[in-house]
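Enquirer: have a look at this prediction, sequence included:
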Amino acid sequence: MEFPFVTVIIPAYNEERYIRKCLEAWVNQDYPKDKYEILVYDGISTDRTAEIIKEFEKKYPGLVFYKVNPKRKQVFAFNIGIREAKGEYFIIFGAHAYPERDFLKKSVETFLEIKKKEPKLAGVGGKIVKLYENRLAKLVALIYSSPLSGASTFWYEEEKHFAKTVAFALYDKKIAAEIGGFDEDMLTGNDFEFNLRINKQGYKLFFNPEIKSYYFARSSWRGFLKQSFNYGAVKSMAIRKGYFSPLWLFPIGFLGFEFALPFVKALLWPFAGYWILMAGEGIRLALKTKNSDALVLPPIMFVFHNLISFGFMAGLLFGKKVFR
């Protein structure tokens, strides 16, 4: 196999707990060291993040590069990284995660293999394995493991397939430049919008579960609440940008249903059905994951659905301001 040059772009802000693990995994990839580079964009961290990145830059000259992201938000790092990338392909990765040793090799192999059959291929992504720092993180991971969360398929699918969205993906740099890079209005959910635009332009994305990475799930209530709210806002921002899926209207229907519930007694039956469905999903996940915490999924999922719905409405009303 001829190894193409790949640029890995990692934005980081106050990630001293995770960045070392992330970079250790990247510098030890099963891929020729002269065929990839790791650009780490520090959003002016206030902890030891920059210091740790510079340690790796010194230890691995020509492989790891410390960069500054003056605008702090990761979407700006993505676009700077694409402009500065030497690779014909690039990977967007998170400092809050780390890749399997063969992540880069499998990403490239998958891309080149699928490209032979599908010339409109723009990117390939893999499966994210959730890691738990505490019980809350484990519960959050269970939520995203359920199709009822509305989460992307890379959280729970096990089969190779063409997908609408992929995470920690390897992209063709030329195609990314052609479609205009990442939308800087999307201060969060920018990879989601980027993937939507790829599809809208007629290009394809592919999911291969053999490409594995590990992600530390949110471990605080504040982080979970903020993430859930933003999850809804991202969908409404996508609508403001001209994208649409009937499923994205769920938040409006959900809030409308809750508002009407005290006034329309007939709605009590479908409301009871909702709770039965959530309970059934909790039992299914408990059996599948052998984690009894899934049995408390119904009330947590109810809070999750409400946060998504309020985030969706806020995004419709206030646009990107809701992300600040």
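Expert: Received, thanks.

Enquirer: every contact and neighbour count from this point should use C-alpha atoms.
Expert: OK.

Enquirer: what are the ranges of the helices in the stretch 151-300 of the chain?
Expert: 173-178, 190-200, 221-240, 250-260, 268-289, 297-318 (DSSP state H, counting those that start in this stretch).

Enquirer: for Ile92, which of those is the nearest?
Expert: helix 190-200 (8.8 Å; Cα to Cα).

Enquirer: who's in contact with that closest one?
Expert: Helix 190-200 is contacted by residues 75, 122, 164-167, 179, 181-184, 186, 204-205, 238, 243 when judged by Cα atoms under 8 Å, 6 or more residues apart in numbering.

Enquirer: okay, that helix in CSV with CA atoms only?
Expert: Below are the C-alpha coordinates for helix 190-200, written out as CSV (Å, rounded to 0.1, in the frame of the first residue of the first chain):
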residue,chain,number,x,y,z
ASN,A,190,-19.9,22.3,13.2
ASP,A,191,-18.9,18.8,12.1
PHE,A,192,-22.6,17.9,11.9
GLU,A,193,-23.3,20.8,9.5
PHE,A,194,-20.1,20.1,7.6
ASN,A,195,-21.3,16.5,7.0
LEU,A,196,-24.7,17.8,5.9
ARG,A,197,-23.1,20.1,3.4
ILE,A,198,-21.0,17.2,2.0
ASN,A,199,-24.2,15.2,1.4
LYS,A,200,-26.0,18.2,0.0
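
Enquirer: what's the average pLDDT for it?
Expert: On average, the pLDDT along helix 190-200 is 93.

Enquirer: in it, what counts as buried?
Expert: Neighbour counts over helix 190-200 (16 or more other Cα atoms under 10 Å) mark 190-199 as buried.

Enquirer: same thing with stretch 131-147?
Expert: So stretch 131-147, judged by 16+ other Cα under 10 Å, has buried residues 132, 136-146.

Enquirer: same thing with stretch 56-69?
Expert: Going by 16+ other Cα under 10 Å, stretch 56-69 has these buried residues: 56-57, 63-69.

Enquirer: pLDDT and secondary structure for the buried residues of stretch 131-147 - can I get that in CSV?
Expert: Shown next, in CSV, are these (pLDDT from 0 to 100; DSSP: H, G, I helix; E, B strand; the rest coil):
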residue, pLDDT, secondary structure
Tyr132, 77, coil
Leu136, 82, helix
Ala137, 80, helix
Lys138, 80, helix
Leu139, 82, helix
Val140, 80, helix
Ala141, 78, helix
Leu142, 82, helix
Ile143, 84, helix
Tyr144, 79, helix
Ser145, 78, coil
Ser146, 84, coil
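
Enquirer: would you turn those into TSV with distance to Pro99?
Expert: Below are these laid out as TSV (distance: Cα to Cα, whole Å):
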residue	distance to Pro99
Tyr132	16
Leu136	23
Ala137	19
Lys138	20
Leu139	22
Val140	21
Ala141	18
Leu142	21
Ile143	22
Tyr144	20
Ser145	20
Ser146	23
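
Enquirer: and those residues, which is closest to Thr289?
Expert: Nearest to Thr289 among these, with distances taken as Cα to Cα, is Leu142, at 8.6 Å.

Enquirer: contact partners for that closest one?
Expert: Counting by Cα under 8 Å, 6+ apart, Leu142 makes contact with 285, 294.

Enquirer: just the mean pLDDT for the one helix or strand Lys67 maps to, thanks.
Expert: Counting by DSSP states H and E, the element that carries Lys67 is strand 64-68. Mean per-residue pLDDT for strand 64-68: 97.

Enquirer: over to stretch 92-99?
Expert: On average, stretch 92-99 scores 95.

Enquirer: export that stretch as PDB, just CAs?
Expert: Extracted in PDB, the C-alpha atoms of stretch 92-99 (Å, rounded to 0.1, in the frame of the first residue of the first chain):
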ATOM      1  CA  ILE A  92     -10.500  16.100  12.700                       C
ATOM      2  CA  PHE A  93     -10.000  14.700  16.200                       C
ATOM      3  CA  GLY A  94     -10.900  15.700  19.700                       C
ATOM      4  CA  ALA A  95      -8.500  16.200  22.600                       C
ATOM      5  CA  HIS A  96     -11.100  14.500  24.900                       C
ATOM      6  CA  ALA A  97     -10.500  11.200  23.100                       C
ATOM      7  CA  TYR A  98      -7.800   9.000  21.800                       C
ATOM      8  CA  PRO A  99      -7.500   6.600  18.800                       C
END
